[in-house]
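Visitor: Any chance you can model this:
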Amino acid sequence: MTDSVLNPIHLELPAPRPTQCKPVVDLGTRMAHASMALAFLISYVTSESEYWRLVHVYSGYSLAGVLAFRLVWGWVGPASARWGLLLRRVAMWRVWATKIKQGEWLSRNFWVGASSWVLSAAVLCIYVFCTVAIASGWATYNELLGDGWLNDALQELHEGLGNAVMAVVCLHVGLVVMLRVWRGPQALRPMWRGYANTSGRG
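Guide: Next up, the predicted model:
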C-alpha cells in the first residue's frame, strides 16, 4: 500500500454543501406585518379608556393606512406578497381534510403542515376582521347612524370584532411559538429577516 492510502491527510472528503439564503418574505410585507401588530396592540389596549380615546382613534386610522398599503401591495408587490399566494395557501384546507380522512393526522409532518395552513388562514381572518372593525369604529365615532340603538349595535360589533381579532392574533402567536419549537429558528427567520437557509448542491 502506498503512503497516500495510509496517510489520512491524502483522503478526499466530500465537500460540505454550501448554505444559501433564499428570499422568502419581502421587506414591504414584513414592515406591514410589524406595523399592523403595533397599531392593533395600541388600539386594543386603549379601547376601554375615555382618556386615551383619541389615541385609540388615531391608532385605528394608522391600522387602516397599513391595511390599505397591504391591499395594494398584494396586487403590485413581489410574488411572496401577492394575494393569490395567500388564497392558495388557505384553499389547502381540502388537502388537510383529506389527510385527516386518510388517518395521516397522527404524523408530526401533518401537524407542522397543518399549522402553517392555520397561520395563513389566521392572517386572512385578521385582515378581514380588522377592515370591518375599522369601518364600524369610524362610523360609530362619527355617529353616522345617529345616537340611538343602531349606533349602540354598531359599537357592540366594533368591540366584538376587536376581541375576535385579538383571539386570532393569540392563536397566530401560539402557532408561531409551536413551529419555533418543532422546526427550530428557521421557522421565524423568513418573517424576521426575509430569507430562509437552504443547502445547495455540493
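
Visitor: CA only for contacts and neighbour counts going forward, please
Guide: Noted.

Visitor: centroid residue for this protein?
Guide: Val123 (4.9 Å; C-alpha atoms, centre = their mean).

Visitor: what's Trp52 sitting at in phi/psi?
Guide: With angles defined as degrees, to the nearest 10, Trp52 sits at phi -100, psi 20.

Visitor: Double-check it against Tyr44; I have them as touching.
Guide: No - the criterion here is C-alpha atoms under 8 Å, and Trp52 misses it with Tyr44 at 11.0 Å.

Visitor: Pick out whichever of these two has more residues nearby.
Guide: In this view Trp52 and Tyr44 are compared by other C-alpha atoms under 10 Å, and Tyr44 has more residues nearby, 18 against 13.

Visitor: burial count for Leu124?
Guide: Leu124: 16 neighbours (other C-alpha under 10 Å).

Visitor: what's the burial count for Leu144?
Guide: Look at Leu144: counted by other C-alpha under 10 Å, it has 12 neighbours.

Visitor: and it, how far is that from Trp52?
Guide: Distance of Leu144 to Trp52, computed by C-alpha to C-alpha, to the nearest Å: 22 Å.

Visitor: just to revisit the earlier point, give me the pLDDT value at the residue nearest to the centre of the chain.
Guide: Per-residue pLDDT puts Val123 at 91.
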